[in-house]
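In: sequence first, then the predicted structure:
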Amino acid sequence: MASPQAPAPLLELPVLGSRRLSNVLVALVVTTGGIGFLLTSVSSYLGTDLLPIGHPAELVWLPQGLVMGLYGLAAMALCAYLWVVIGIDVGAGSNRFDRDAGVATISRRGFRQEITVDIPLREIQAVKVEVRDGLNPRRRLALKVQGRRDMPLTRVGEPMPLADLELSGAQLARFLGVPLEGV
């Protein structure tokens, strides 16, 4: 007869960062728009149509062509920022819970450095599930830590499905041996 396996002493949960399809699509749209505005501005200045649609060469350089160029430069600055954030994958990381070492390590990738927070497992009081619907919905897991603010564990941005959130929270609370709050 097989004996039941002891639970694993280590739980590591990956966290998705900014390298998501929605962010890539937004960056593509902003890049395309910025290039379009810049080509419209240059077409207006040169008097030659550089775009296959419309007739931007018919625009008067001052003020329409110049304003289109400024919009294009602003869009290109924004798209450069978006592509850098996606390339670095800001916000990606992991939540690592090690019962043998008695520590929870929360790590995230920032712009210039990796951000790591170590929390002794004995200071974790509960796993909180926060659900707020409406115009700005929030669905997240957080650790309730003694003497500190709540430590968020889930990704920022797209809200998680409620069933996944509850399942993850219950799994983590069971692993840590703490109560699950907010359900």
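Out: Cool, got the structure.

In: so where's the protein uncertain?
Out: 1-7, 183 (pLDDT under 70).

In: what residues go with each domain of it?
Out: Domain assignment of the chain by automatic domain parsing yields the ranges 21-88, 91-181.

In: closest to Ala8 out of those domains?
Out: domain 91-181 (8.5 Å; C-beta to C-beta). In this view, the C-beta of every residue, glycine as well, is placed from N, C-alpha and C.

In: looks like Val42 contacts Leu50 (just checking).
Out: Yes - using C-beta atoms under 8 Å, Val42 is in contact with Leu50, at 6.0 Å.

In: and those two? Which one has more around it.
Out: Taking neighbours as other C-beta atoms under 10 Å, Val42 and Leu50 compare with Val42 leading, 18 against 14.

In: how about the contacts made by that one?
Out: 50, 69 (C-beta atoms under 8 Å, 6 or more residues apart in numbering).

In: quick one: it is in a helix?
Out: Yes - counting by DSSP: H, G, I helix; E, B strand; the rest coil, Val42 is part of a helix.

In: ok, it to Val117 distance?
Out: 49 Å (C-beta to C-beta, to the nearest Å).

In: which ones are touching Cys181?
Out: Quick fix: residue 181 is Glu, not Cys. Neighbouring residues of Glu181 by C-beta under 8 Å, 6+ apart: 126-129, 144.

In: how about the helices in this structure?
Out: Remark: helices assigned in the chain by DSSP state H are 21-46, 66-88, 162-176.

In: gap between the last one and the chain center?
Out: This points to helix 162-176. Distance of helix 162-176 from the chain centroid (C-alpha atoms, centre = their mean, to the nearest Å) equals 21 Å.

In: what's in contact with that helix?
Out: By C-beta under 8 Å, 6+ apart, helix 162-176 touches 7, 11, 13, 97, 99, 121, 124, 126-129, 131, 139-141, 153-154, 160, 179-180, 183.

In: buried ones only from those residues, please, as a ChimeraX command.
Out: A single ChimeraX command is used to select the members of these judged buried by 16 or more other C-beta atoms under 10 Å:
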select :11,13,97,99,124,126,127,128,129,139,140,141,153,154,160,180
